[in-house]
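Participant: Compute the structure for the input listed below.
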Amino acid sequence: MSSIEDSLVAACSVFLNWSTCAGFANNFAPIVVSNLLKLNLQNNYMCTNVLGLCADYNSGYVTLDPEQYIGGILADKPAILANDDFIDNLYKEIAADPAKDQRPTMKFVHFTDIHMDLLYRAGASKECADVICCRASDGYPTNASLQAGPLGTFGCDIPVDVVTQMGDIINNEVKPDVILWGGDVTPHDQNSYTYDYVTSLQKRLDDWFGSNLTNYALYPLEGNHDFVEPNSQDFTKQDPMIAYNLQLWDRYFDDQAKAVYAKHGYYSQRLRTKQADGTMKDVEGVNVIAVNTEACYSMNFYLLSQRNDPGDVLAWLNETLHGFEQRGEIAVLMAHHPPGDADCLYQWAYRFRAILDRFQHIVRWSVYGHVHLEIMGVAHSIKNKKPTGVHFWSGSVSTWFEVNPSFKVFEVDTKTMLPIKSHTYVLDITNTEIGQQGWKYSHEITARYNMTDLSPSSFVALAERIRDNEDVALLYQRTQSNGGL
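Facilitator: Numbers count the residues shown, from 1 in each chain. Here you go, the predicted model:
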């Protein structure tokens, strides 16, 4: 182990045990050091971009202007978007429909951040000197307050039964048309990640898909914990987990989606629903876009040397949405990292925002995970700062760190493909009453916050109420963790 890794382990071991810290150092240090050497520590880069001592020297490194990029993206913005109120107006059309209560709808389920721990043991200690506890190796305390619960414990990841029971309520009660899987099945013990470990969790989850969710069209996506090098994807080549999941998820992709996904883990595909005879039918003119936001994740240390547009994600998204526009098609967008979260690098997120501004009439709504909290974000136009779309951040199935497991169900108007209801199902692990534990319906967003609809303007109005009304603010805060701590 190098002196750098020794120093990292020593600093880490103040908080965690030595072997855990050594695992973190082994997984992260080589990526950090090698990518710093590729760019940031290069003599030319240091002299011109860090120290500012070589202004007249042509180092070959160019600082790009994001405003120039955004200007190019918005240059051909259609006239129908001049007022940046396209989605708001569609909601007004729905509200004005005398038969609005009879309009056909579809159900989308979005679950994310499962972090399934096959080593979780009920009764094991929920306190330890490791990243996650609740395992047999942590011992079995006699003090009940220190024991891991049967269906999860705050500060730990979840047992398999949580996932199994989620499948039961999805099948028996929700009965959706479409399932969106937002990524992150591997537990948080990033110090232990190996190819065999991560792929075994992916295989276990896909087996569960195949045994429980075959009645629905399913659209999968990786999260930052689904890579062998935790949080990290090298966009200069095909990642081993992209290659593995390409084979694992073969049945979910059409040929075009496979070809695109094989490059760097993003894809678009026609929205499909399963028919009574078991066949899948395309929903004409509607697509699902899965964006790989590892390209903006601040803990993806390959981005230390891979700047601008890693994996050409933004270029592909812009091109794909242009194609939809030309063909008169629309889309639902899914990604793991929310672009408004601090974990998504600003310069990438700013350009992503410009693309959503330009195509606000195409991308009808979007869903994200990663933060483990139920949050609603509003997309605003670049120039007018007007609300143009809604980002739904779903809570996690995992209890990490102090949240109750949850998943979302969206009722979507089939004519406009806009969500008209946003439901949440929750497993309250604090309920210890025998026979009362398990997944249950919790709430619907418009009812919980007394909202007119799920339009961008309605969420701006909610944000103002959260700012001005303490009771609403506290309700929003409690809802984020769905009854967690």
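Participant: residues contacting Val174?
Facilitator: If a contact means Cβ atoms under 8 Å, 6 or more residues apart in numbering, then Val174 has 107, 109, 409, 425 as its contacts. Backbone N, C-alpha and C define where each C-beta goes, glycine included.
Participant: Got phi/psi on it?
Facilitator: Phi and psi for Val174, reported as degrees, to the nearest 10, are phi -70, psi -50.
Participant: Same check on the one 4 residues further on?
Facilitator: Listed backbone geometry of Val178 is phi -140, psi 140, with angles given as degrees, to the nearest 10.
Participant: Residue numbering should commence at 849 henceforth.
Facilitator: Done: numbering now begins at 849, and the last item shifts to Val1026.
Participant: Quick one, grab the pLDDT at it.
Facilitator: pLDDT, Val1026: 98.
Participant: Quick check: it vs Ala1105, distance?
Facilitator: Applying Cβ to Cβ, to the nearest Å, the value for Val1026 to Ala1105 is 15 Å.
Participant: just Leu938 next, same as before
Facilitator: 27 Å.
Participant: follow-up on the earlier one: can I get the contacts of Val1022 in CSV including pLDDT and neighbour count?
Facilitator: As requested, the contacts of Val1022 are exported to CSV (pLDDT from 0 to 100; neighbours: other Cβ atoms under 10 Å):
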residue, pLDDT, neighbour count
Lys955, 98, 18
Val957, 98, 24
Val1257, 98, 22
Tyr1273, 98, 23
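Participant: Regarding the residue nearest to Ala943 when sequence neighbours are not counted, what is its secondary structure?
Facilitator: Using Cβ to Cβ, 6 or more residues apart in numbering and skipping residues adjacent in sequence, the residue nearest Ala943 is Asp1301, 6.6 Å away. Following DSSP: H, G, I helix; E, B strand; the rest coil, the label given to Asp1301 is coil.
Participant: Likewise for the one 5 residues further on?
Facilitator: With three-state DSSP as the basis, Ser1306 sits in helix.
Participant: what number of residues lie near it?
Facilitator: 21 (other Cβ atoms under 10 Å).
Participant: and it, what does it touch?
Facilitator: 939, 1294, 1299-1300.
Participant: Can you select the buried ones among those residues for me in PyMOL?
Facilitator: Here is the PyMOL command that selects the buried residues among these (16 or more other Cβ atoms under 10 Å):
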select buried, resi 939+1294+1299
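Participant: Including distance to Gln1195 and pLDDT, could the contacts of Ser1306 go into CSV?
Facilitator: Shown next, in CSV, are these (distance: Cβ to Cβ, whole Å; pLDDT from 0 to 100):
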residue, distance to Gln1195, pLDDT
Tyr939, 32, 98
Thr1294, 35, 98
Met1299, 33, 98
Thr1300, 35, 97
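Participant: And for Arg951, the neighbour number?
Facilitator: Arg951 has 13 nearby residues by other Cβ under 10 Å.
Participant: Skipping its backbone neighbours, what lies nearest it in space?
Facilitator: Leaving aside its sequence neighbours, Arg951 sits nearest to Asp1261 (Cβ to Cβ, 6+ apart; 5.7 Å).
Participant: Over to Ile1006?
Facilitator: Gly1000 (4.7 Å).
Participant: quick one, what contacts the residue nearest the centre of the chain?
Facilitator: Closest residue to the average C-alpha location of the chain: His1184 at 2.1 Å, with Cα atoms, centre = their mean. Contact analysis of His1184 by Cβ under 8 Å, 6+ apart lists 960, 1030-1032, 1069-1072, 1140-1142, 1216-1218.
Participant: just curious, which of those residues is nearest to Gln1285?
Facilitator: Thr960 (22.1 Å; Cβ to Cβ).
Participant: The closest one against Met1014, yeah?
Facilitator: No: using Cβ atoms under 8 Å, Thr960 makes no contact with Met1014, being 11.8 Å away.
Participant: who has more neighbours, these two?
Facilitator: Higher neighbour count among Thr960 and Met1014: Thr960, with 30 against 25, using other Cβ under 10 Å.
Participant: Can you tell me how far that one is from Val1026?
Facilitator: Distance from Thr960 to Val1026, by Cβ to Cβ: 15 Å.
Participant: picking up where we left off before, nearest to Ser1242 among the contacts of Ser1306?
Facilitator: Thr1294 (16.6 Å).
Participant: what ranges do the strands span in the stretch 1149-1298 of the chain?
Facilitator: Remark: strands assigned in the stretch 1149-1298 of the chain by DSSP state E, counting those that start in this stretch are 1178-1183, 1211-1216, 1223-1228, 1235-1241, 1254-1261, 1266-1275, 1287-1292.
Participant: Take the ones you listed and lay them out in JSON lines including distance to Tyr893.
Facilitator: Listed next are the strands of the stretch 1149-1298 of the chain as JSON lines, based on distance: least, Cβ to Cβ, whole Å:
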{"stretch": "strand 1178-1183", "distance to Tyr893": "30"}
{"stretch": "strand 1211-1216", "distance to Tyr893": "33"}
{"stretch": "strand 1223-1228", "distance to Tyr893": "34"}
{"stretch": "strand 1235-1241", "distance to Tyr893": "34"}
{"stretch": "strand 1254-1261", "distance to Tyr893": "43"}
{"stretch": "strand 1266-1275", "distance to Tyr893": "45"}
{"stretch": "strand 1287-1292", "distance to Tyr893": "51"}
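Participant: How about Ile1018, nearest residue that isn't a chain neighbour?
Facilitator: Using Cβ to Cβ, 6+ apart, the nearest residue to Ile1018 is Val957, at 6.0 Å.
Participant: so what's the one you found up against?
Facilitator: Per Cβ under 8 Å, 6+ apart, neighbours of Val957: 1018, 1022, 1024, 1026-1028, 1064, 1255-1258.
Participant: Taking those residues, please make a PyMOL selection of just the buried ones.
Facilitator: In PyMOL, a selection of the buried entries from these looks like this (16+ other Cβ under 10 Å):
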select buried, resi 1018+1022+1024+1026+1027+1028+1064+1255+1256+1257+1258
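Participant: got any residues that touch both of Thr960 and Met1014?
Facilitator: 1245, 1255.
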